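Novice: Structure of the sequence below:
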Amino acid sequence: MEPSYDELRRIYRLEKNTSRLVDIDEDFYEALGKFIQQEKKEYLAGLKNFSSVKARNFSNLKKIVDEIFSLREKKLVSRALIASRSGEENNVNLAAEEKKTFKELLAVLNKHRDFLRQAFEPDKKKAAERRIVSLKVLKEVPAFVGPDMKEYGPFSVDEAVSLPSKVAELLVARKLAEEQK
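Specialist: Predicted coordinates:
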């Protein structure tokens, strides 16, 4: 649909009075750009003729387009935020430019949410480091500081000990202990 002042007022009223995005054509912004360029030419011609009507019309056009854009922008950001949280994308009633913006917003929000997911998901490497291993000590082991900067030992021959996997690996590698099954 070709934009007109009446059509823009209609879209503005609907955008203002509903939380949903109003249905617009896929090429709305492209058609709007052409309409604005045409109105701008008439405005500039009106300036030469000192036409206050053309100046007022163009000023009103700018205000209504700014308002429509602002309202749709807020709804678009809200929709992207909801999609990021729920995983359900909704491209209904979006113009081509808005679909592109929506995808970009969603990508940024999903990347941001990954931080939260990673913070609460167990890190496999850290989980392996926290794993406790049961050992049987084969030789006397004096007290020592492990890779985690904690003190372990002393341990005596045939003593059964439970140690973090990293510390246990050190003792087994030096044949000071063996893993108990």
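Novice: Buried residues, stretch 163-177. List them.
Specialist: Leu163, Pro164, Val167, Ala168, Leu170, Leu171, Leu176, Ala177 (16 or more other CB atoms under 10 Å). Glycine gets a C-beta too; all of them are placed from N, C-alpha and C.
Novice: Looking at those, which one is closest to Glu7?
Specialist: Pro164 (69.5 Å; CB to CB).
Novice: Name the residues linked to the closest one by a beta bridge.
Specialist: Per DSSP bridges, the residues bridged to Pro164 are Ile132.
Novice: could you check the distance from it over to Leu105?
Specialist: According to CB to CB, to the nearest Å, Pro164 and Leu105 sit 43 Å apart.
Novice: quick one: contacts for the spatially most central residue of the chain?
Specialist: Per CA atoms, centre = their mean, the C-alpha nearest to the average position across the chain is that of Leu109, at 1.0 Å. Contact analysis of Leu109 by CB atoms under 8 Å, 6 or more residues apart in numbering lists Ala80, Leu81, Ala83, Ser84.
Novice: do that again at 10 Å, thanks
Specialist: Shown in contact with Leu109 (CB atoms under 10 Å, 6 or more residues apart in numbering): Val77, Ala80, Leu81, Ile82, Ala83, Ser84, Arg85.
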